[in-house]
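A.B. asks: need a structure here:
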Amino acid sequence: QVQLVESGGGLVQAGGSLRLSCLASGGTFSSYDMGWFRQAPGKEREFVAVISWSVGITSYADSVKGRFTISRDNAKNTVYLQMNGLKPEDTAVYYCAADSARLISRSTSAYDHWGQGTQVTVSS
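C.D. replies: Okay, the predicted model is just below:
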């Protein structure tokens, strides 16, 4: 059973940057695709980015493409989300998730394991 713990959230002004981290334990991290999702108040959880278990194939939501970068360090059991050019509409709780089926999926239903989330607030 994989446990995921996010960190790095906080309050930042528009145009600023944050780097989120997600530390995995209790499983073989390198065998999972890893995704980042976010959920704003009153909205459904939405896909942000995914990185494959092998060769680091990545995919991004159109709303963050060119501003956010997902990466992973399998030696540290950690996946990162570098967020630049933040906008007020990026305000949400950000979740990392692990997909054992390795579908490079954008769907929440594909992910087996979820972290507790970290709050990101972008002020205008």
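A.B. asks: which residue sits closest to Ser7 in space, ignoring its chain neighbours?
C.D. replies: Take Ser7 and drop its neighbours on the chain: the residue closest to it by CB to CB, 6 or more residues apart in numbering is Ser21, 5.1 Å away. Glycine gets a C-beta too; all of them are placed from N, C-alpha and C.
A.B. asks: Kindly provide the distance from the one you found to Tyr94.
C.D. replies: Counting by CB to CB, to the nearest Å, the separation of Ser21 from Tyr94 is 11 Å.
A.B. asks: who touches both of these two?
C.D. replies: The contact sets of Ser21 and Tyr94 overlap at Glu6 (CB atoms under 8 Å, 6 or more residues apart in numbering).
A.B. asks: Which one's more surrounded, the two?
C.D. replies: For Ser21 and Tyr94, the more surrounded residue by other CB atoms under 10 Å is Tyr94, and the numbers stand at 23 against 17.
A.B. asks: Go ahead and confirm Cys22 touches Met34.
C.D. replies: Yes: in this structure Cys22 lies within contact range of Met34 using CB atoms under 8 Å: 7.2 Å.
A.B. asks: about what we covered before: output the contacting helices and strands for the strand or helix carrying the residue nearest to Ser7.
C.D. replies: Using DSSP states H and E, Ser21 maps to strand 18-25. Under the contact criterion of 3 or more CB pairs under 8 Å, 6 or more residues apart in numbering; DSSP states H and E, strand 18-25 touches strand 3-7, strand 33-39, strand 78-83, strand 92-99, strand 118-123.
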